[in-house]
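Chemist: starting from these lines, generate the structure:
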Amino acid sequence: MAEITISPFQAGDIEGVVGMLNRVLTRDPITSEIFQRKVLLDLSFDPQGAPVARDGDKVVGFMLGQVRKYPMEEQAPDFDRGYIVLMAVDADYQRKGIGSRLWGHLEAYFKSKNVKVATCSTYAPNYFWPGVDIVTYAGAVEFFKKHGFTVPITVLAMDAPLTDFKVPDWIIEKEKTLAAEGVIIDALKPEYILPLIEHLRTCFPGDWQRFERESMVRMTRGHFNRGQVYVAMSGDKCVGFCQHDNEHFGPFGVDDKERGRGIGAVLLLRCLKGMRAMGMHNAWFASTTDDAARVYAYGGFVESRRYAIMRREL
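Modeler: Sure, this is the predicted structure:
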């Protein structure tokens with residue numbers, strides 16, 4: 001083993017880094033194209049925030065940190081937050097201090113950017129996972145704890161089988177009740193575009209606005225089906241929405257002033273019914289809270305993974 005060096009990401013590192021990530025993060029393989037799109041083409045990517053550990057010419061470790069350069073849409077500024085997006089060290093090189101050296105390099109980079117808090121959590125728009133999988137990558141959880149990180153919360157991923165999907169009778173009745181109260185659940189139509197954008201701006205400022213706008217742009221080009229987005233309309237006001245992209249469900253949100261009426265449950269089941277009608281056998285999403293999980297249970301969702309949202313003040 002030659003001396004292990006740590007240096008910023010270089011243009012020719014893609015193959016070595018992706019190969020190493022796939023050797024270590026065995027439950028979460030990625031392609032070079034995904035790495036290019038989510039890492040190199042991210043507006044905030046800086047090679048100084050992506051240290052690479054090398055044994056000679058062999059990539060044996062990598063850590064990716066992002067510090068936002070541009071504001072998210074109407075979201076509270078987070079320029080003082082450093083997001084740890086990826087981290088892995090080859091199995092034969094673990095417990096040799098390489099991970100600590102990678103973190104030391106990244107910590108210095110964060111501090112040079114005036115970052116006050118480092119976090120292993122969702123980095124919009126190009127995150128891979130919402131945190132650190134507490135079962136699959138338990139060693140990573142312990143690594144970050146050793147370096148002073150805490151776990152304020154955990155979030156969960158959920159999956160639902162759709163092969164035997166059926167809308168419960170009570171959801172059908174609930175939809176009728178909502179209609180009588182003036183709330184209509186419908187697939188997206190052109191006249192709903194502006195109310196949906198306003199709903200997102202008011203209730204969910206941040207990356208969901210970009211995500212939904214891109215989905216609607218894809219619709220105008222024939223690359224996305226209007227039946228993949230559902231809205232809850234109260235008169236000319238949008239009070240809730242959900243969507244799916246193939247088997248991925250979400251985003252999904254209801255105006256907090258309208259919650260408790262069953263709007264979310266009806267949106268959820270209508271969307272899942274549409275997915276099944278398109279021939280899909282499963283639905284999944286990456287992150288929600290324990291409080292919100294009870295709504296997803298109406299659609300047969302069960303927990304599939306749990307992630308630690310880790311943070312440390314710098």
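Chemist: quick one: average confidence on the particular helix or strand that has Arg218 in it?
Modeler: Secondary structure assignment for Arg218, by DSSP states H and E: helix 207-220. For helix 207-220, the mean per-residue pLDDT is 92.
Chemist: restricting to C-alpha, output it in CSV.
Modeler: Output in CSV follows, covering the C-alpha atoms of helix 207-220 (Å, rounded to 0.1, in the frame of the first residue of the first chain):
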residue,chain,number,x,y,z
ASP,A,207,-37.4,22.9,-4.3
TRP,A,208,-40.9,21.5,-4.8
GLN,A,209,-41.7,24.5,-7.0
ARG,A,210,-38.9,23.7,-9.3
PHE,A,211,-39.8,20.1,-9.4
GLU,A,212,-43.4,20.6,-10.2
ARG,A,213,-42.7,23.3,-12.8
GLU,A,214,-40.3,20.9,-14.6
SER,A,215,-43.0,18.2,-14.5
MET,A,216,-45.5,20.5,-16.1
VAL,A,217,-43.0,21.6,-18.7
ARG,A,218,-42.5,17.9,-19.5
MET,A,219,-46.3,17.6,-19.9
THR,A,220,-46.3,20.4,-22.5
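Chemist: contacts made by that helix with the rest, please.
Modeler: Contacts to helix 207-220, defined as Cβ atoms under 8 Å, 6 or more residues apart in numbering, come from residues 72-75, 124-125, 188, 193, 196-197, 200-201, 224-226, 228-229, 241, 243, 245, 251, 253. All C-beta atoms are positioned from the backbone trio N, CA, C, and that covers glycine.
Chemist: now stretch 120-129
Modeler: Stretch 120-129 has contacts (Cβ under 8 Å, 6+ apart) with 28, 30, 37-39, 42, 66, 72, 83-86, 130-132, 144, 149, 206-207, 210-211, 286-287, 307-311.
Chemist: for Arg226, grab the count of nearby residues.
Modeler: 14 (other Cβ atoms under 10 Å).
Chemist: now stretch 165-176: mean pLDDT?
Modeler: Stretch 165-176 comes out at a mean pLDDT of 96.
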